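Colleague: Following is a predicted model, sequence given first.
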Amino acid sequence: MADTATASTLTLPVDDALLVRLHGTACITCGTTTGPLYGAGHVYTAVAAGQDGCLGWAVVACPEHLAAA
């Protein structure tokens with residue numbers, strides 16, 4: 001699982017490739033959508049510039065990247 005205690009916050013907007021990863025339909029590390037994908041914790045994006053808070057996204061990883069996610 002990802003270490004969410006020290007995870008950095010991504011800034012919105014993100015590109016389409018990263019959005020697919022944030023939606024949990026592709027490996028958060030490599031972007032593959034084939035094969036089994038496993039829960040890999042959460043990543044966070046800022047709500048908006050100048051606002052406090054963040055959005056949590058449940059992400060997945062392929063078997064090759066599960067330990068690194």
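Modeller: Done, it's in. It should be emphasised that the depicted structure is a prediction, and the values quoted were computed from it without experimental measurement.

Colleague: C-alpha from now on. contacts and neighbour counts both.
Modeller: Fine.

Colleague: for the chain, what are the low-confidence residue spans?
Modeller: Counting by pLDDT under 70, the ranges of the chain that qualify are 1-12, 69.

Colleague: Which parts of the protein are helices?
Modeller: Assigned by DSSP state H, the chain shows helices spanning 16-22.

Colleague: Could you list everything Gly39 pairs with in the sheet?
Modeller: Gly39 forms beta bridges with Val60, as assigned by DSSP bridges.

Colleague: Could you report the separation of it from Gly24?
Modeller: Separation of Gly39 from Gly24 (C-alpha to C-alpha, to the nearest Å): 8 Å.

Colleague: Also Thr33?
Modeller: Distance, Thr33 to Gly24, using C-alpha to C-alpha: 9 Å.

Colleague: And Val14, by the same measure?
Modeller: For Val14 relative to Gly24 (C-alpha to C-alpha), the value is 15 Å.
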